[in-house]
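K.L.:
Structure for the following, please:
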Amino acid sequence: MSTGLFQKTKPSTRCYSLAVWLGVISGFISALVKSGTEGILPPRLLTEGAPPVTLLKNLGVDVTHWAYTYSEQVVYFGGNLVHILFSIVSAIIYCVVAEVFPKVKLWQGIIFGLIVAIAFHGILMPILGLSTPAWDLRLDEIISEVLGTALWVWVIEIVRRDLRNRFTKKPDPEFQ
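P.N.:
Sure, this is the predicted structure:
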């Protein structure tokens, strides 16, 4: 077992299949939290398209047909679906990596979340033309994304840790 930032847990203490399921569960729940955060602190102007919707449009998908009615309102779920899938995939990665490298959980995962925010919102999405370059972001957008991402990953970590400990009846791998 190595020490420091890349300290690894003992292979016998890892639960990979459970980590995947915990990623699905925590990813879905945290996607709802992130959407709720964006409802309170909108990250973009009304005139700007949401990056998931822009991505789908760039791929030739007409998101206006991906709709349902709830509470007498039409809800276009295409962008939400991309957001939820991104959250689930990210949470699966986080939960699996947390089984091996406990330092990924620094600040209850918030460091991981900030790295994801920088990688996607600051680098990848501007390169793909899905959002404004990082140096042109408004302060409102930066605050919304940083707080929203911190809450998003924090929810992933609390759900991951709680359910893992409940299902295994053991502490996280680094404590075994």
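K.L.:
switch to C-alpha atoms for all contacts and neighbour counts from now on
P.N.:
OK.
K.L.:
Okay, helices next: where are they in the chain?
P.N.:
Listed in chain order, the helices found in the chain under DSSP state H are 16-40, 51-58, 78-100, 110-117, 125-127, 139-168.
K.L.:
buried residues in the shortest one?
P.N.:
If I follow you right, that is helix 125-127. Across helix 125-127, burial judged by 16 or more other C-alpha atoms under 10 Å covers M125.
K.L.:
any idea how far that helix is from the chain center?
P.N.:
Here helix 125-127 shows a centroid-to-chain-centroid distance of 17 Å under the convention C-alpha atoms, centre = their mean, to the nearest Å.
K.L.:
Can you list the strands that the lowest-mean-pLDDT helix or strand in the chain pairs with?
P.N.:
The weakest-scoring helix or strand in the chain, judged by mean pLDDT, DSSP states H and E, is strand 73-76 (a mean of 85). If you go by DSSP bridges, strand 73-76 pairs up with strand 67-70 (antiparallel).
K.L.:
And the partner strand, what's buried?
P.N.:
Across strand 67-70, burial judged by 16+ other C-alpha under 10 Å covers no residue at all.
K.L.:
Export only the CA atoms of that strand, formatted as PDB.
P.N.:
Only the C-alpha atoms of strand 67-70 are listed here, as PDB (Å, rounded to 0.1, in the frame of the first residue of the first chain):
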ATOM      1  CA  ALA A  67     -41.200  16.300 -23.900                       C
ATOM      2  CA  TYR A  68     -43.800  15.300 -21.300                       C
ATOM      3  CA  THR A  69     -46.500  17.200 -19.500                       C
ATOM      4  CA  TYR A  70     -46.400  17.500 -15.700                       C
END
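K.L.:
now that strand, how far from the chain's geometric center?
P.N.:
24 Å.
K.L.:
residues making contact with that strand?
P.N.:
Contact with strand 67-70 is made by V74, V75, Y76, F77, G78, as judged by C-alpha atoms under 8 Å, 6 or more residues apart in numbering.
K.L.:
Show me which of those residues are buried.
P.N.:
Buried members of these, counted by 16+ other C-alpha under 10 Å: Y76, F77, G78.
K.L.:
what sits against the residue nearest the centre of the chain?
P.N.:
Nearest to the geometric centre of the chain sits S87, at 3.8 Å (C-alpha atoms, centre = their mean). Taking C-alpha under 8 Å, 6+ apart, we find S87 in contact with G27, F28, S30, A31.
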